[in-house]
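Q: sequence and predicted structure are below.
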Amino acid sequence: MAFYNDQVIIIPVGQEEIYIFKLIKEEIIMDYYNIKEGNRQEVLVTDALKEFDAMVDEGRIYLIYQNKAYYLKMLIIDSKNVEEISLSEVKLPRLYELKLKKIDKHHNILYMVRDGEREDYFHIHHYLLVDEKWESYQVAEVRVAKVLNPLICLNNQDKLSLAYYHGNKIHLQEFNLEEKRWMEAIGLTDEGEKLYLDLLEDGNLLHLAYAQYEDNNFSIKYKKFTRDSIGYHLEEEKLLSNEGNASHPTLLIQAGVLWLVWKESLNLLSRYSLDQGQSWSPLYLWKDSKALDYYRYKYVSERDIKDTKFKYSFGTLYPDVKLLGFGALENVEEIPVKKKNRGYIIPRF
């Protein structure tokens with residue numbers, strides 16, 4: 001079957017409602033599922049540019065996008081009611097990596113715009129909603145290596161932490177909400193060529209994954225950092241995949257088990273750790289990925305799934321919404337790991 005690179009966001013609201021938003025070409029499509037009222041599909045937007053984002057706050061969905069006329073728009077969705085407002089009075093430059101996130105009761109918008117004079121430089125902008133007014137901050141100036149890599153807001157709901165590429169180096173930067181300023185950026189990697197990005201914060205641990213380019217191949221690289229009052233300290237660093245065309249690394253935690261899932265061609269592979277990234281299981285191919293149409297989607301919720309922590313996941317959509325690449329080892333195939341990745345733990349599922 002196939003992997004689809006369309007943007008997808010899944011948002012559960014309460015115990016009875018699930019919203020699924022998809023950006024296909026220029027349309028933002030909403031699939032609404034309600035236990036009592038049934039399902040419905042609605043085209044919300046017909047003139048969207050390349051990106052959108054959404055969040056939930058007290059049961060209401062907030063969705064932002066830039067339209068083809070280059071205005072920034074917001075939809076406020078409450079069950080069957082959809083309200084549209086304009087967030088910009090004038091046309092904006094083309095926005096990239098558009099993000100919407102709630103931190104400590106405050107709404108935040110982040111995006112990147114290209115430098116007007118230097119093609120390989122972008123500026124990260126931040127808008128914070130305070131007393132119904134948007135305050136503006138400039139986060140950083142970043143240089144693009146070969147492609148524009150993801151801008152990632154970490155999963156913590158109490159602070160705004162942002163990860164991004166500057167050249168080929170991954171940086172982490174935090175916003176001090178009390179002082180209303182961005183702190184100095186912290187470099188997490190070297191300058192080696194790399195693509196993609198995912199981070200997951202778990203207590204004082206920071207898990208980082210990306211695709212590292214070496215010997216004309218991409219391999220999935222994992223790093224673990226601990227945080228204290230001084231800063232972040234590298235504790236573990238491992239190559240977890242075989243060399244090939246690995247992409248879209250995705251981190252999640254389920255029932256205390258750390259998983260790293262990624263895509264190779266049309267297949268999903270993963271490994272897990274029972275000791276917070278110190279050692280890793282064998283490499284598994286999930287056979288369902290060969291037979292199903294699946295996506296990598298963003299999961300947004302006001303409440304945590306029991307014993308589960310993640311921001312992104314691979315999975316299927318209608319008629320059966322199902323997460324893929326982790327959990328009980330059913331319908332999987334163990335893949336040999338090359339010698340330089342030797343040293344794994346025995347699975348105990």
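A: In hand now; what should we look at?
Q: in a helix, residue 147, correct?
A: No. Under DSSP: H, G, I helix; E, B strand; the rest coil, residue 147 falls outside any helix and is assigned coil.
Q: that one: neighbour count?
A: When neighbours are counted by other CB atoms under 10 Å, residue 147 registers 8. Backbone N, C-alpha and C define where each C-beta goes, glycine included.
Q: now do the SS call for residue 289.
A: Once three-state DSSP is applied, residue 289 turns out helix.
Q: how near is it to residue 265?
A: 10 Å (CB to CB, to the nearest Å).
Q: these two - which one has more neighbours?
A: A direct count of neighbours by other CB under 10 Å for residue 289 and residue 265 places residue 289 higher, at 25 against 11.
Q: once you drop chain neighbours, what's closest to the more buried one?
A: In space, and not counting its chain neighbours, residue 289 is closest to residue 268: 3.9 Å by CB to CB, 6 or more residues apart in numbering.
Q: all strands of the stretch 51-200 of the chain, in order?
A: Applying DSSP state E, counting those that start in this stretch to the stretch 51-200 of the chain gives strands spanning 60-67, 72-78, 81-86, 96-103, 106-114, 121-130, 133-143, 152-153, 160-166, 169-176, 181-182, 186-187, 194-202.
Q: can you tell me what sits against the fourth one?
A: Going back to what we said before, that points to strand 96-103. Here strand 96-103 makes contact (CB atoms under 8 Å, 6 or more residues apart in numbering) with 50-55, 57, 62-66, 107-114, 122, 148, 150-151, 153, 157-160, 175, 177.
Q: that strand pairs with which strands, and in what direction?
A: Partners of strand 96-103 in the sheet, by DSSP bridges, are strand 106-114 (antiparallel).
Q: so where's the stretch 1-150 of the chain uncertain?
A: Along the stretch 1-150 of the chain, the parts satisfying pLDDT under 70 run over 1.
Q: just the strands of the stretch 51-200 of the chain: most buried one?
A: Of all those, strand 160-166 has the most neighbours on average by mean count of other CB atoms under 10 Å, namely a mean of 23.
Q: in its sheet, which strands sit next to that one, and in what direction?
A: Those paired with strand 160-166 in the sheet (DSSP bridges) are strand 152-153 (antiparallel), strand 169-176 (antiparallel).
Q: model confidence over the shortest one, on average?
A: Which is strand 152-153. Strand 152-153 comes out with an average pLDDT of 96.
Q: and that strand, how far from the chain's centre?
A: Mean-position distance between strand 152-153 and its chain equals 7 Å (CA atoms, centre = their mean, to the nearest Å).
Q: repeat for stretch 7-26
A: That offset, for stretch 7-26, works out to 15 Å (CA atoms, centre = their mean).
Q: for residue 104, grab phi and psi.
A: When read as degrees, to the nearest 10, the backbone of residue 104 gives phi 50, psi 50.
Q: can you give me the neighbour number for it?
A: 10.
Q: residue 178 versus that one, what's the distance?
A: Applying CB to CB, the value for residue 104 to residue 178 is 10 Å.
Q: need the contact list for residue 78.
A: 59-61.
Q: picking up where we left off before, I figured the residue nearest to residue 289 was touching residue 261, is that so?
A: Yes. Under the criterion of CB atoms under 8 Å, residue 268 is in contact with residue 261, at a separation of 6.3 Å.
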